[in-house]
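In: sequence and predicted structure are below.
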Amino acid sequence: MKIPKHFFHDRAVLAFVGINTVLTLFSLMYIFFGVLQSVNTTQIIQHRDIFSARASADTSGSINEFRYYALFIFLQYVFGLLLSIRVYVHRRVLSVAILAGVSYLTILAIIVVNLLHLQRG
């Protein structure tokens with residue numbers, strides 16, 4: 001695949017590629033060094049008791065399932081960058097929108113991983 005000549009010279013593209021790279025590296029480091037290094041090896045995967053005063057949770061999930069979030073974040077970064085490169089020749093605005101969408105999805109994935117990590121009991 002040939003990278004367009006002006007792809008990395010575009011300021012918006014370069015800004016989003018930089019933001020996506022930082023977000024991806026931060027999230028992967030948070031998952032592998034923060035979440036997976038935890039002492040407890042179980043994870044809350046269901047919590048359905050919303051009308052009762054007592055809390056009950058199913059903790060049968062393994063903490064290693066966070067690796068799938070890391071894989072998702074990495075794959076969306078790679079495929080978003082590749083798709084953006086392919087589309088840049090035809091539609092620059094769509095290419096920048098794809099990179100912005102990857103940033104948005106990465107931020108949402110970081111929030112989900114953080115919330116799941118904080119709910120662990």
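Out: Alright, I've got the coordinates.

In: only C-alpha atoms from now on, for both contacts and neighbour counts.
Out: Fine.

In: pretty sure F74 sits against T24.
Out: Yes - using CA atoms under 8 Å, F74 is in contact with T24, at 6.7 Å.

In: so where's this protein shaky on pLDDT?
Out: 38-63, 119-121 (pLDDT under 70).

In: show me the helices in it, by range?
Out: Assigned helices in the chain, in chain order: 11-29, 66-88, 92-119 (criterion: DSSP state H).

In: right, so of those helices, which gets closest to M1?
Out: Closest to M1 of the helices of the chain is helix 66-88 (CA to CA; 8.2 Å).

In: so which of F74 and T24 has more stuff around it?
Out: Using other CA atoms under 10 Å as the criterion, F74 and T24 rank with T24 on top: 23 against 18.

In: could you give the number of residues near V113?
Out: 19.

In: quick one: it and Y69 touch, right?
Out: Yes - if you go by CA under 8 Å, V113 and Y69 touch, sitting 7.4 Å apart.

In: so who does the spatially closest residue to Q76 that is not a sequence neighbour touch?
Out: Of all residues not flanking Q76 in the chain, V102 sits nearest, at 6.7 Å (CA to CA, 6 or more residues apart in numbering). Going by CA atoms under 8 Å, 6 or more residues apart in numbering, V102 touches 20, 76-77, 80.

In: which of these tops the neighbour count?
Out: In terms of neighbour count, N20 stands highest of the contacts of V102 at 26 neighbours, by other CA under 10 Å.

In: appreciated, that's everything.
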